[in-house]
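> Sequence first, predicted model second:
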Amino acid sequence: MKRWYVVQVYAGFEETIKSDLDKKIEDDGLENYFGQVLVPAAKMKSQLGADAEEDQQLFPGYILVEVEIVPESFRLVTSHPRVLRFLGGKEPIPLAKKEIERVLSQVRGEVVVSSKQADFVVGSEVEITDGPFSGFVGIIEKVDSENEKLTVMVSIFGRMTPVELLFSQVKQ
């Protein structure tokens, strides 16, 4: 029975390893033991703009392989020079259905993953690190977690002025 397994690989070579494994599976005629070979990537909200999204790997240095573990399939995967090991070693541990469903829903784009989780609290002080108000210190007046934006009150010429900033433009 095919199950999903996590394979640790050299970081940065995930796509290359995926294509090599797909080709080797076909060349060796082992398609009946394998399902998908997946490099988990999801749409991440970019810090550059509210609407910008980019593909980003969920687990750098790991790929997911749907496979029935038999000696031939195990050897095919582990014999690749840039594959380190199956998680679990010689007795690989399959992913739980719940775990793989969560990952697959992120890959399909059903869940948008935020690239930066920040705990901004109204009334706390932040330093602006980017943009025309860089170097200013302000007080958070409003937090928009969905769009990753803040409204910060900044003293400009002695007057408190609201400035809208992205999470990435401030630090606590």
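Structure received. Residues are numbered from 1 along each chain as shown.

> Please enumerate the helices of the protein.
Ranges of helices within the chain are 14-28, 71-78, 97-107, based on DSSP state H.

> Would you convert those into CSV that also reports distance to Val121, mean neighbour count and mean pLDDT?
In this view, the C-beta of every residue, glycine as well, is placed from N, C-alpha and C. Below are the helices of the chain laid out as CSV (distance: least, CB to CB, whole Å; neighbours: other CB atoms under 10 Å; pLDDT from 0 to 100):
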stretch, distance to Val121, mean neighbour count, mean pLDDT
helix 14-28, 37, 15, 95
helix 71-78, 47, 16, 95
helix 97-107, 28, 14, 86
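
> wait, which of those is closest to Leu166?
Closest to Leu166 of the helices of the chain is helix 97-107 (CB to CB; 22.4 Å).

> low pLDDT regions in the protein?
Scanning the chain for pLDDT under 70 picks out the ranges 42-55, 110-118.

> need the strands for it, in chain order.
Along the chain, counting by DSSP state E, strands occupy 3-9, 34-38, 41-45, 53-57, 62-67, 83-86, 113-114, 125-128, 137-144, 149-156, 159-166, 170-171.

> who touches the fifth one?
Applying CB atoms under 8 Å, 6 or more residues apart in numbering, the contact partners of strand 62-67 are 2-9, 14, 17-18, 21, 33-40, 73, 77, 87, 95, 100, 103.

> now stretch 125-138, how far from the chain's geometric center?
Centroid separation for stretch 125-138 versus its chain: 28 Å, with CA atoms, centre = their mean, to the nearest Å.

> Please identify the buried residues of it?
Neighbour counts using 16 or more other CB atoms under 10 Å place Val126, Ile128, Phe133, Phe136, Gly138 of stretch 125-138 among the buried residues.

> With just CA atoms, put it into CSV.
Output in CSV follows, covering the C-alpha atoms of stretch 125-138 (Å, rounded to 0.1, in the frame of the first residue of the first chain):
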residue,chain,number,x,y,z
GLU,A,125,5.9,51.0,20.5
VAL,A,126,7.6,50.0,17.2
GLU,A,127,10.6,51.3,15.2
ILE,A,128,10.1,52.0,11.5
THR,A,129,12.9,50.3,9.6
ASP,A,130,11.9,50.9,6.0
GLY,A,131,10.3,53.5,3.8
PRO,A,132,10.1,57.3,4.1
PHE,A,133,9.6,57.2,7.9
SER,A,134,12.6,55.0,8.5
GLY,A,135,14.2,55.7,11.8
PHE,A,136,11.0,57.1,13.4
VAL,A,137,9.4,55.5,16.4
GLY,A,138,5.7,55.2,16.7
